[in-house]
Structure formats: C-alpha cells, structure tokens
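>>> Kindly generate the corresponding structure for this input.
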Amino acid sequence: MKNLILSTAALALTAGVAMAETVRLGTEGLYPPYNFINDAGEVDGFERELGDELCKRAELTCEWVTNDWDSIVPNLQSGNYDAIIAGMSITDEREETMDFTQGYTQPSPSAYAALSADVDVNSAVVAAQTSTIQSGHVATTGATLVEFPTPDETVAAVNAGEVDAVLADKDFLAPIVAESELVFISDVYLGGGIGMAFRESDDELRGKFDAAIASMKADGTLNELLAKWEIEGQF
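Next up is the predicted model:
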C-alpha cells in the first residue's frame with residue numbers, strides 16, 4: 001500500500017465551541033473529478049471541496065488521508081481514518097458492513113467506452129476497477145472481466161489492446177473520451193448515488209455529516225458544487 005498522504009483541512013470552529021478531536025477523511029486521490037492529487041501534492045476535486053464544507057458545517061476539524069482503492073474499506077474498519085469520501089456508490093452489499101450518509105450525488109450513469117462503437121459489451125473482454133460496482137456488473141454479464149487497481153489502468157488497457165472496452169463512471173470517462181480515440185458505447189445505471197461511508201459503530205459522527213449534506217441540499221450549495229465540477233444529476 002502506498003504511503004498515506006495527509007493534508008490538514010484547517011477548519012476554524014465557531015466562537016465558544018471547544019476544539020473537537022480531528023476527524024480523518026479517507027479518499028483515493030485518483031478519480032477526477034471526484035478526487036485527485038493536484039500539482040501541490042494535495043487532495044483536490046469535488047469531494048475535497050465538499051468534505052471541507054461539510055466539516056465546517058458540522059463544526060469538526062478534519063484531515064485528509066489517501067489510500068489505495070482496493071484496501072480503502074479494510075483501512076476504514078481498522079481505524080486508519082473515520083470516514084470514506086471517495087466516489088463510493090451506495091449499494092446493498094456495502095451497507096451490510098458499513099453505514100452511509102444520504103447520497104451527495106444522484107445515481108449517475110456508468111458507461112462503456114472502447115476504440116470501436118461495434119464492440120459487443122456483453123461478450124467482449126471488459127476492464128473495470130477492482131471492487132467497484134462496475135466490476136460487479138460486468139461479472140453478471142456474458143463479458144470476460146479483467147480488473148485493475150486504478151481507473152487509469154482500465155483506460156490504458158483499452159488503448160493498449162489488452163481488453164475490448166472499459167466500464168467506469170461516465171463523469172470520469174467523459175473528459176478522456178473527448179480527448180482520445182475512445183468512443184462511448186452505452187450507459188448503465190448502477191447503485192444508489194454516492195455517499196460517505198462510516199463504521200457501523202460511528203452512527204453519531206455519520207449523523208453529523210448527514211445533517212450537513214442535507215443543509216447543503218437545502219440551500220443550493222451542493223448543486224453549485226456539482227455544476228462547478230460538471231457532475232451530472234443535481235438535486
């Protein structure tokens with residue numbers, strides 16, 4: 001596992017409120033526009049802005065931690081951070097071991113992309129990032145699934161001719177398709193939107209973030225962030 005990268009969110013609490021214990025937010029840092037590492041080596045993207053605002057509204061001091069996707073859930077459970085905010089879709093399977101906030105995105109399309117629009121995605125060799133809803137979906141079709149640790153590797157596999165197509169979040173693929181020879185083949189809707197994930201024992205903390213998400217929906221600031229980062233499906 002790569003070294004954990006920490007960057008303090010430096011959020012001031014309101015006057016009269018005692019300094020709370022630091023809450024650690026785990027993300028991947030490899031999935032733009034949701035989360036990525038910028039040129040300064042810091043976590044950036046839609047979820048960085050969202051997480052910082054949620055911490056401010058919940059009157060919490062927060063710190064960012066990056067972790068490889070394939071071990072992001074085990075490291076939550078082992079206490080390396082307190083919540084996951086990493087483009088993680090809410091699914092029944094994940095809710096068996098974690099608790100989620102309400103979604104801070106609407107269920108948005110995943111998409112198949114390939115070098116040819118003639119690829120039959122139900123019989124082709126299809127790449128997807130490991131332990132994602134996309135890889136789970138491909139496994140239920142007649143396609144041959146090939147999993148990769150990172151989303152960039154799934155795209156590279158298509159370009160290198162190692163696989164016929166890739167299935168990933170359309171928000172992630174859109175700028176890549178626009179600047180390459182890849183073309184979209186079809187969309188598929190998976191999961192129940194994206195939310196923050198918590199250990200089942202941390203219901204009080206989850207509730208604070210859930211209330212903060214609700215307040216951002218109510219005053220329109222969540223929709224503003226979604227529009228800024230060109231993420232589909234406003235509330």
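>>> What's the local residue count around the nearest residue to T141 once chain neighbours are set aside?
Of all residues not flanking T141 in the chain, N122 sits nearest, at 5.1 Å (Cβ to Cβ, 6 or more residues apart in numbering). (Glycine included, C-beta is placed from N, CA and C.) By the measure other Cβ atoms under 10 Å, the count of residues near N122 is 12.
>>> do you know how far N122 is from A114?
13 Å (Cβ to Cβ, to the nearest Å).
>>> Now do the same for the most centrally placed residue in the chain: helix, strand or coil?
Centroid-nearest residue in the chain: G87, 1.0 Å away (criterion: Cα atoms, centre = their mean). Using DSSP: H, G, I helix; E, B strand; the rest coil, the structure places G87 in coil.
>>> show me what contacts it?
E28, Y31, Y34, N35, E47, D169, I194 (Cβ atoms under 8 Å, 6 or more residues apart in numbering).
>>> what's the answer for Y81, then?
So Y81 contacts R24, L25, G26, V65, N67, N75 (Cβ under 8 Å, 6+ apart).
>>> in the sheet, who's paired with the second one?
Using DSSP bridges, the bridge partners assigned to L25 are W64, A83.
>>> related to what we said a few turns ago, just flag the most distant two among the contacts of Y81.
Longest distance between any two of the contacts of Y81 is 12.3 Å, between L25 and N75; criterion Cβ to Cβ.
>>> where along this structure do the helices fall?
46-57, 72-77, 133-138, 151-159, 170-178, 203-219, 221-228 (DSSP state H).
>>> Just the CA atoms of the last one, as PDB, please.
Going back to what we said before, that points to helix 221-228. Below are the C-alpha coordinates for helix 221-228, written out as PDB (Å, rounded to 0.1, in the frame of the first residue of the first chain):
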ATOM      1  CA  THR A 221     -24.700  24.900  -2.400                       C
ATOM      2  CA  LEU A 222     -24.400  21.200  -3.200                       C
ATOM      3  CA  ASN A 223     -25.900  21.800  -6.600                       C
ATOM      4  CA  GLU A 224     -23.500  24.600  -7.200                       C
ATOM      5  CA  LEU A 225     -20.500  22.300  -6.400                       C
ATOM      6  CA  LEU A 226     -21.900  19.600  -8.700                       C
ATOM      7  CA  ALA A 227     -22.300  22.100 -11.500                       C
ATOM      8  CA  LYS A 228     -18.800  23.500 -10.900                       C
END
